[in-house]
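Participant: Dropping a prediction and its sequence here:
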Amino acid sequence: MTLSAQPIPMARETGRDDGIRSLSAKSVRRRPQPRPGRPPHLFDRWHEVEGRLRAAQRLALFLDFDGTLAPIRRRPGEVWLGRSTRAALDRLLRHGRSDLWIISGRRLADLQRRVGVDGAHYLGLFGWEESDSASLSVPATQLMLWAGRVLKEFLASLDGVWIEEKGAAIAIHYRGAPRHAVRLAHGRVEGFLETFEPGLRMVWGKKVWELLPREVRGKGESLRRFIAKQAPGTLTVYAGDDTEDEDAFRALPNAITVRVGSRAQTAAGFRLDNPKQVREFLERLERAL
């Protein structure tokens, strides 16, 4: 197949300004479906949680970065781990019972640079990129290169919509874009994605759509792989703020799972409101160990 010869049908350019709920039913089925219900605030159930933490022989802590450890900014390049949160993570790692993973949609090297916690394990591209040696197959590499070129052309004229090429992923950002630009963007992205449905999948983020080749799996599959290797007596804690984290919550039915933010429906067992409360949770966690 010659990629450049593939026609790209343009989807009907209508819908809501968030560019999510207005997509076709075919596209919507790719979204994780959370169980109904708003979980209790973690601090309201802290006595219960603290008991589980103290009883565990080891603690495996998995944390998302953007929106969980650090507030989301207009541009991804503006996000860095705060000094006080880094200090809390450093103290946790000094406990012999704790292991820490930072898991993110960012590329591995970028994630390591922005977090900068020695002794932590880093997982880029939703857990797929465990080391610098991770690489796509040749067909997937060619597809992503071509997709980046086509999408840049499709979206170049839309105010506030911009593309971040990550090599093994393409992020289409629309934070701050006017409503009409988002409507046009989602129609064009939908048409593109439908053409390459077997080869690409979409991850729904906060004011961002991520396109990935099928061989780059999500956080849920990555977590299942790590949990299978854990020693008996290990308690897993996972905190995240976005749609892709819902897949991870479902993969961890026996873990302490925390949704960060105001979402009313989630598969997580508990909630926190913002990264500031996540930092407070880390400080409480340290005292419980």
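Facilitator: Structure received.
Participant: show me where pLDDT drops low in the chain?
Facilitator: For the chain, applying pLDDT under 70 flags the ranges 1-37, 197.
Participant: Can you list the residue ranges for strands in it?
Facilitator: Assigned by DSSP state E, the chain shows strands spanning 58-63, 98-103, 121-123, 162-165, 170-173, 200-205, 208-213, 234-240, 256-260, 270-272.
Participant: what pairs with the fifth one, and is each one parallel or antiparallel?
Facilitator: Right, strand 170-173. When pairing is defined by DSSP bridges, strand 170-173 lines up against strand 162-165 (antiparallel), strand 208-213 (antiparallel).
Participant: Export only the CA atoms of the last one, formatted as CSV.
Facilitator: Right, strand 208-213. Provided in CSV are the C-alpha atoms of strand 208-213 (Å, rounded to 0.1, in the frame of the first residue of the first chain):
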residue,chain,number,x,y,z
VAL,A,208,-6.3,17.2,23.2
TRP,A,209,-6.8,14.2,20.9
GLU,A,210,-4.0,11.7,20.7
LEU,A,211,-3.6,9.5,17.6
LEU,A,212,-1.6,6.3,18.1
PRO,A,213,-0.8,3.2,16.1
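Participant: From the chain's centroid, how far away is that strand?
Facilitator: How far strand 208-213 lies from its chain's middle: 11 Å, per Cα atoms, centre = their mean, to the nearest Å.
Participant: swap in stretch 89-109?
Facilitator: 16 Å.
Participant: What's the local residue count around Leu89?
Facilitator: 24 (other Cβ atoms under 10 Å). All C-beta atoms are positioned from the backbone trio N, CA, C, and that covers glycine.
Participant: quick one: it and Ile72, what's the gap?
Facilitator: Applying Cβ to Cβ, to the nearest Å, the value for Leu89 to Ile72 is 19 Å.
Participant: Many thanks, we can stop here.
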